[in-house]
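> Here is my input, please return the structure:
(2 chains)
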Protein chains: 2
Amino acid sequence: MMLERFFNPGSVAVIGASREKGKVGRVVLENVRERFRGAIYPVNPGADEIDGMRCYPDISSTPPVDLAIIVVPAKIVPDVLEECGTKGITNVVIISAGFREAGAVELETRCVDIIRRYGMRALGPNSLGFIDTRSSLNASFASGMAIEGNIGLASQSGALCTAILDWSTSRGIGFSTFISLGNKADINENDIITALTADEGTNVILLYLEGIKYGRKFMEIAGSATYQKPIIVVKAGRTRSGARAVSSHTGTLAGSDAAYDAAFNQSGVIRAESVEEMFDYALAFSYQKVPSGSGVAIITNAGGPGVLAADTCESLGVTITSFEQRTIEALRSSLPAAANIYNPVDVLGDARPDRYKSAIEAVINDDNVSGIIVLASPQAMTDMKRIAEIIVEVSHTSASSKPILVSLMGGELTQEGGRILSMNRIPNYEFPERAARAMCMMIRYAGIAARTCANPPDFDVDRQFVKDVLNEAKERGDRRPGVECLSALEKYGISVADSAIAITREEAVAAADSIGYPVVMKIMSSEISHKTDVGGVRTGINDADEVRIVYDSMMHRIHRYVPDARIKGVLIQKMLEGGREVILGMNRDPQFGPVLMFGLGGISVEVLKDVAFRIAPITEKDADDMIKEIRAYPMLLGIRGEEPSDIGAIKETLLRFSKFCTDFPEITEIDINPLLVFKKGCAAVDIRLTLEE
Amino acid sequence: MMLERFFNPGSVAVIGASREKGKVGRVVLENVRERFRGAIYPVNPGADEIDGMRCYPDISSTPPVDLAIIVVPAKIVPDVLEECGTKGITNVVIISAGFREAGAVELETRCVDIIRRYGMRALGPNSLGFIDTRSSLNASFASGMAIEGNIGLASQSGALCTAILDWSTSRGIGFSTFISLGNKADINENDIITALTADEGTNVILLYLEGIKYGRKFMEIAGSATYQKPIIVVKAGRTRSGARAVSSHTGTLAGSDAAYDAAFNQSGVIRAESVEEMFDYALAFSYQKVPSGSGVAIITNAGGPGVLAADTCESLGVTITSFEQRTIEALRSSLPAAANIYNPVDVLGDARPDRYKSAIEAVINDDNVSGIIVLASPQAMTDMKRIAEIIVEVSHTSASSKPILVSLMGGELTQEGGRILSMNRIPNYEFPERAARAMCMMIRYAGIAARTCANPPDFDVDRQFVKDVLNEAKERGDRRPGVECLSALEKYGISVADSAIAITREEAVAAADSIGYPVVMKIMSSEISHKTDVGGVRTGINDADEVRIVYDSMMHRIHRYVPDARIKGVLIQKMLEGGREVILGMNRDPQFGPVLMFGLGGISVEVLKDVAFRIAPITEKDADDMIKEIRAYPMLLGIRGEEPSDIGAIKETLLRFSKFCTDFPEITEIDINPLLVFKKGCAAVDIRLTLEE
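Coordinates of the predicted model:
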């Protein structure tokens, strides 16, 4: 069910409203009352009136209610929810704490059951509540109302909410909706993204998350939302020590950070490194239009700050563009000879505001320019206020919708200019690097919004065959089957090295004869993980006699060195020569499902960790990106006269592997190592699976 | 000559003082006069008095002067300097612009000549001037005085100075000395570092640089200074587009960024990524003592912000330490049961200030804790002011000198607490991530200050032999000599593959017989860069007959495919098998001299750019660090049963190579590629040099 009316109710009940000043039940009531124009019903069996308002003994005795805010002790919450359900109230905010976060998991589960049973939607428990500036509703116990604006925010940390609310108010940053998610027992980030995406008053969605509850759903919802508006996330618990702190606080099962990064990437979500960064970006998206290209122009009255901004852009892969000839001519004719008319444009330290005007007007019409960064340091002739006014004028009169981000650098001297910019919705940053970084994120988002929508390709496969292979392994209690699963890959259209399993010496000979020499022989046993160490792998076997000798010697050695190992047989495999080793892997993440990994074999994976991750199922673009993302990618193209590897074959294999991983949730881990890639084609040589218990 | 009196003069002349309000000559005079307690002499031939002060017609008619501030038009500056020199004035600030930065290089050179001739020291030209808060001297045309403090700052951008001055004043950040370097015609960053290191009133040195003029000297001076106080640098022009902007603005020949990074690393200089970061770090060093260890404790009233701080620390390699048992007990007994008593300590959202007190007191005495980050978000019970007071109290009464960094999160609600912290020299940051980052830099600096001082080792070498080899190459006009220089390496004690040069077929046979088979044969010619492509390299030659056949065929092919190549002979080299390929290289940087490079051979260097740089000469620790710094380092230790490489031999070779590069400045580039490293020992197989023209 959607949340349309949730944040914009006609009437509100505060269940647990209190007469006692300072108590949460009183603070919430006062907050609601301060601005909300709809009906308000305090509920408290022990009071007839609170602060002049009629008070109701229970929720069943009030007139109809759109939203109930629950502030009663935790143990009473289930009863209150029942009453709400009976009355037909569909939207509730549970501010009460003392649930999962305090170990009372069962109490929370009971609440969820009631909520589900009545088809209600509930925010919390353990939530600060929410603020909606359009309906002027402060349904929280935060000390103060948010400023009206178009930023939608949801935070899993209530404490961060209070800090951000206070901070943003002092900086004039406005919100459409400001939500404390609490324990996310019912409403979670996915519901919020859906609601805020549909909300015309919201331009940008900010999320502070410690974990994501339904990762697949998140990707689906966010992946669709980011075509319409940017989503910026701060995900805490990035590193191990951070993750430890998360789990000791919220009980969130934090997924691995690589999975989160992949999921954000695939769904077009921008990850900010800090809360400050998140708001730097939010300000740009809140105030300015998204650029339509990727060329940045910088206009400055001082070389140094211009260089700092340019450095930041380049380090984020954004180009300080070259100007068109007509722009250069326009700048040349309007600026002094000593000015730098190339990008970054330096209007010089003695620039009066008119020079800024000429420069911005020239640059804003340049087709290579998609966004403009204006920097001003307070020098002798610098009139910060007038420069701010000029920027506002140009941005209002210009036909262009190119974003302008500003850094008026300084303190006292920039106050008035900063105020003018802020009033006119031009983002102003304390330092040039921050303006540059925000511009780069706008450009990144422009690419996200314009990306082509594609579905993972489907393939004709023999699912039942694989099912049978996996079931056989399960039945014999083998949780880590190996090369015998190559045939399963084959049924998914993945090329594998020609192989057969032999359980007698003569079967081995027959298999080798049929495959053709030379062959490789490998012992098959789940109990032997380092086969080479016990003589369990032999390469370059050239004829039937050699097969017999190797077979006997292999059995002899195995029985001697690992007498307890159960032997499934001997794999006879065509010996492939040449080719580059790559690895395809999968690890099932509790939140996001199958996380695919791709990398070159050998040291690339083991030492350099030069690998790319994506959540399956992947699209063709995802597969392309995975391959190109690894640092060693040029090796696949062929360097120093080496032949190029068949990248098309890798891509096809990745896509089919993605389907394989998606189709069999009972597999928790896979390594295809190596997949040999040739000039034409590729072949999986070895595989190791782990099945769930 | 030192700058002791420069920033603390007894008397000041303003040459070019002006009656006209708003002119630079008037602003400077007013700035000097506002606070300076020494004698002030305005100099202007066209005025008898300025604003009630007696004005002198020229500098020769004033009483003795310690510091002359020159604000006359550029073309008159040489004459004024002559007069100053004649009068015996040793310290001058040249604020006048219109020199090198405007293309008038010759005019600047003339000034420098005069300055040198009289043994004067000059700041500028094209400088904003400087401010010294201890002598209350504002010798600049900046609009305002700096607040007194212990941060020493020098900036190559005057515009950044004005911005920072205004910004820092509004934030209460204080300076000892605040210097605009201008064109650095005489006084440069090296003089400033020396002066500020000797200055007891300066705790931390900040530099904004676009280029470094004398790189070697910088390393020497900064390398010694950083034992005493931290140096934090923002170096602009990090990326290519940034560097372009630098050179179009200041004429600074920007060294490559890798060289700057290596130089900063080797001299203990901390590089900040932005001006904001630089001040975040400066505030910590300015207010707090340097920690004596590396364990960080976090105390917070909310999980989320604690996780954000922990994430930042871990991402910078700093440990969120485990507490001693007694600390855990102390926290357990003083905090509520629901509190997290492990690190990060969560005193819970309803924490009153006393809980912060107990937590800080418990943690500050823990031997595993070297620095404390205190976070507070404004929740119902949070008394920001009292929390600030408690932090101040604990930090004043505790016997410990462990640094405490704070983030009171919010806006209006944190104002008073922030003011209390600031007044009591406790750094307070808007966001937890910034506090954490500053703490990490303090810990990094603690390691820098405690590092062992070592000199590059010296070796007994045959310098003359190498000189002769290089001279021979020069004489025959060969700027790119190759394998014939292996013998030069050998004279520096670097192992090389046994080799000899043959210029006839029979010489080749004799050489091969003497070296012992199998051998490798390589054509020697500066004109053939890809020898393999033209059949110029043959390996695995097993006897004299084969040598003859290969010799003839090689000559035949070379004459056919590259008829114009001059052949220096054929190298006969012992064929070495096994061993790991590494590369040693050197590129001479205009500012810093020889930049050494180390990496593994093949894709590590060419594709992955997995290399380490240091400026030669290097110490043993530098060599160790270079080897360990590359991502592929574990390969040298031996992975998956491979034999380890002789890291000691690599280290020795790096140190000897460093001496080689240092001893012969006429070599601009070297590649030793490969150096083969074995289980024991190593051997250079090929070398390519470039000699300066």
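> use CA for all of it now, contacts and neighbours both
Will do.
> Any buried residues in whichever strand or helix holds A:Ile179, and which?
Using DSSP states H and E, A:Ile179 falls within strand A:174-180. By neighbour count on 16 or more other CA atoms under 10 Å in any protein chain shown, the buried set for strand A:174-180 is A:Gly174, A:Phe175, A:Ser176, A:Thr177, A:Phe178, A:Ile179, A:Ser180.
> could I get the residues you listed as a markdown table with distance to chain B?
Output for these, formatted as a markdown table (distance: CA to the nearest CA, whole Å):
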| residue | distance to chain B |
| --- | --- |
| A:Gly174 | 14 |
| A:Phe175 | 16 |
| A:Ser176 | 19 |
| A:Thr177 | 18 |
| A:Phe178 | 15 |
| A:Ile179 | 15 |
| A:Ser180 | 12 |
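> Test for you: state the pLDDT assigned to A:Thr386.
Let me fix one detail, which is that residue A:386 is Arg and not Thr. Predicted confidence (pLDDT) for A:Arg386: 96.
> residues touching it, list them.
By CA atoms under 8 Å, 6 or more residues apart in numbering or on different chains, the contact list for A:Arg386 reads A:Pro353, A:Gly417.
> Then A:Lys402?
A:Lys402 neighbours (CA under 8 Å, 6+ apart): A:Lys289, A:Val290, A:Pro291, A:Ser292, A:Ile364, A:Ser370, A:Gly371, A:Ile372.
> Out of the buried residues of strand A:174-180, which two are the most distant from each other?
Pairwise distances across these peak at 16.2 Å for A:Gly174 and A:Ser180 (criterion: CA to CA).
> Could you list the low-pLDDT ranges of the stretch 251-400 of chain A?
Low-confidence segments of the stretch 251-400 of chain A (pLDDT under 70): A:251-255.
> So which bits of it are right by chain B?
Residues of the stretch 251-400 of chain A lying near chain B by CA under 8 Å from any CA of the partner chain: A:274-276, A:302-308, A:310-311, A:314-315, A:320, A:338, A:340, A:343-344, A:349, A:377-380.
> And these, which of them are buried?
A:274-276, A:302-308, A:310-311, A:314-315, A:320, A:340, A:343-344, A:349, A:377-380.
> Looks like A:Leu389 contacts A:Ile420 (just checking).
Quick fix: residue A:389 is Glu, not Leu. Yes - counting by CA atoms under 8 Å, A:Glu389 does reach A:Ile420; the two are 6.9 Å apart.
> Taking the chain centroid, which residue in chain A is the extreme one?
Distance from the centre of chain A peaks at A:Asp545, with 57.5 Å (CA atoms, centre = their mean).
> May I have the phi/psi pair for that residue?
phi -60, psi -40 (degrees, to the nearest 10).
> what do you get for A:Ala684?
Main-chain dihedrals, A:Ala684, degrees, to the nearest 10: phi -80, psi 130.
> Repeat that for A:Thr300.
According to degrees, to the nearest 10, A:Thr300 has phi -140, psi 160.
> Enumerate every residue touching it.
The contact partners of A:Thr300, taken as CA under 8 Å, 6+ apart, are A:Gly306, A:Pro344, A:Val345, A:Asp346, A:Val347, A:Leu348, A:Val374, A:Leu375, A:Ala376.
> how close does it sit to B:Arg444?
Distance from A:Thr300 to B:Arg444, counting by CA to CA, to the nearest Å: 34 Å.
> Next: A:Cys313.
The value you get for A:Cys313 to B:Arg444, if CA to CA is used, is 27 Å.
> more crowded one of these two?
Taking neighbours as other CA atoms under 10 Å in any protein chain shown, A:Cys313 and B:Arg444 compare with A:Cys313 leading, 25 against 20.
> Return the residues in contact with that one.
Contacts of A:Cys313 (CA under 8 Å, 6+ apart): A:Thr319, A:Ile320, A:Ala436, A:Arg437, A:Cys440.
> cutoff 7 Å now
Counting by CA atoms under 7 Å, 6 or more residues apart in numbering or on different chains, A:Cys313 touches A:Thr319, A:Ala436, A:Arg437, A:Cys440.
> On the three-state scheme, the third one is what?
Read that as A:Arg437. helix (DSSP: H, G, I helix; E, B strand; the rest coil).
> Tell me how many other residues crowd it.
A:Arg437 has 22 nearby residues by other CA under 10 Å.
> mind listing what it touches?
A:Thr312, A:Cys313.
> And it, how close does it get to B:Leu316?
Where B:Leu316 is concerned, A:Arg437 sits at a distance of 20 Å (CA to CA).
> name the element A:Leu207 belongs to?
Element membership for A:Leu207 (DSSP H and E) is strand A:204-209.
> That strand pairs with which strands, parallel or anti?
In the sheet, strand A:204-209 lines up against strand A:147-155 (parallel), strand A:231-235 (parallel) (DSSP bridges).
> any idea how far that strand is from the chain center?
Its chain's C-alpha centre and that of strand A:204-209 lie 11 Å apart, by CA atoms, centre = their mean, to the nearest Å.
> Mean confidence (pLDDT) on that strand, please.
In this model, strand A:204-209 has a mean pLDDT of 97.
> For chain B, what's its nearest residue on the stretch 151-300 of chain A.
In the stretch 151-300 of chain A, the residue that lies nearest chain B is A:Trp167 (3.8 Å; CA to the nearest CA).
> In this structure A:Thr226 contacts A:Ala449, no?
Yes - counting by CA atoms under 7 Å, A:Thr226 does reach A:Ala449; the two are 6.2 Å apart.
> Check for me that A:Arg332 belongs to a helix.
Yes - counting by three-state DSSP, A:Arg332 is part of a helix.
> count of neighbours near the residue lying closest to it once chain neighbours are set aside?
Excluding its sequence neighbours, the residue lying closest to A:Arg332 (CA to CA, 6 or more residues apart in numbering or on different chains) is A:Ile341, at 6.3 Å. For A:Ile341, the count of nearby residues is 23 (other CA under 10 Å).
> one step back: looking at A:Thr226 and A:Ala449, which is more packed in?
Ranked by neighbour count (other CA under 10 Å), A:Thr226 and A:Ala449 place A:Thr226 first, with 24 against 18.
> Need phi/psi at the more buried one.
Per degrees, to the nearest 10, the backbone of A:Thr226 is at phi -70, psi -10.
> Report pLDDT for it.
98.
> For the residue nearest the centre of chain A, which three-state class applies?
Of all residues in chain A, the one closest to the mean position by CA atoms, centre = their mean is A:Phe264, 2.0 Å from it. Secondary structure, three-state DSSP: A:Phe264 is helix.
> show me what contacts it?
By CA under 7 Å, 6+ apart, the residues touching A:Phe264 are A:Ile270.
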